[in-house]
Structures are given as structure tokens and as C-alpha cells.
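Need a 3D model of the following:
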Amino acid sequence: MDDARDCGFILTCNHLHRLRDLLRSRCAILEFVFPLNERAELIAQFVRRACDILDAEKVDYDTKTVEKLAYLLYPDFRQTLIALESHSSTGILHSAVLKEVEEAGLPRLLLAIKEKDFGAVRAWLQLNSHIDPTS
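Residues are numbered from 1 along each chain as shown. Just a heads-up that it's a prediction; the model follows:
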């Protein structure tokens, strides 16, 4: 990058904290932050699209489950799609996906820390590596 004179670079990433400082220092950082007042509309648009996909794949589902999942995982719509796909392989989307996503959250991490189960802490961190470590 340092030797390139006649071209520019555009780098994108989902997790800024994962970039090395040397690379980050060479870039102009533009963060896309969604205003809180647009959250409901963005989720509604995503839910409509997700339901279209589920219909096209002939999956039996409850719209409320899709909505709750989108709210739980917002703004990570990619992770929401992965959860929908992995829990509808039988042709039915069960509401159990919500419990699994909720249990994979911070309460599970805190329990592992309390029990000094550092293997479980490391496993949780790997699964949730999209979270900024400073959080």
C-alpha cells in the first residue's frame, strides 16, 4: 500500500478492533452507525425479506419468531440469517432458536466466569468474536 502511487484502496471490515494498528493507522476510518430512530424500520425490512426467503424455501415458520430473532441479533443480520438457516433445515423453524440465541448471550459467559470454567469462557469468546473486547 505504501508504494502504490497511482491507485487507492478501499478496505471494509465488520470488526475494526481486529485490524492491526499498523494497517488501521494508514486508513481513514468511516463507521456506519444506524440511528436509533431507524432501528424499527430496518428490522421490519429485514423481517419482510427473511420471510420471503423462508417462503421461497417452503419453511413453516411464525413471523413473531423471525421478528424476535432479528431484534435479538440486531444489527447483525448476517448472523440472523445463519440462525434462521441452521434452525430450519427440517422445513420448520421452531421458536427454540430464540432460547438458544438468548442462552448463548452474556448470562452464559457470566456463569462460566463465576464457575471458573475458562475453557467455556474461551469457547464463548470464539463464538462471539464479533463483540469488541473492550465491551
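
What residues sit buried inside the lowest-mean-pLDDT helix or strand in the chain?
Within the chain, confidence by mean pLDDT, DSSP states H and E is lowest for helix 96-103 among all helices and strands, at a mean of 76. Applying a neighbour-count criterion of 16 or more other CB atoms under 10 Å, one finds 97-98, 101 buried in helix 96-103. To be clear about C-beta, it is placed using only N, CA and C from the backbone, and glycine gets the same treatment.

do stretch 46-61 as well
Buried, per 16+ other CB under 10 Å, within stretch 46-61: 46-47, 50-51, 54, 59, 61.

following the longest helix along the chain, which helix or strand comes up?
Longest helix in the chain, counting residues (DSSP state H): helix 39-56. For helix 39-56, the following helix or strand on the C-terminal side (DSSP states H and E) is helix 63-73.

next structured bit after that following helix?
Downstream of helix 63-73 (by DSSP H and E), the next one is helix 77-86.

I'd like to check the angle between that following helix and helix 39-56, please.
30 degrees (axes from the mean of the first three to the mean of the last three CA atoms, to 10 degrees).

next one: helix 77-86 to chain centre, how far?
Put simply, helix 77-86 sits 8 Å off its chain's centre (CA atoms, centre = their mean, to the nearest Å).
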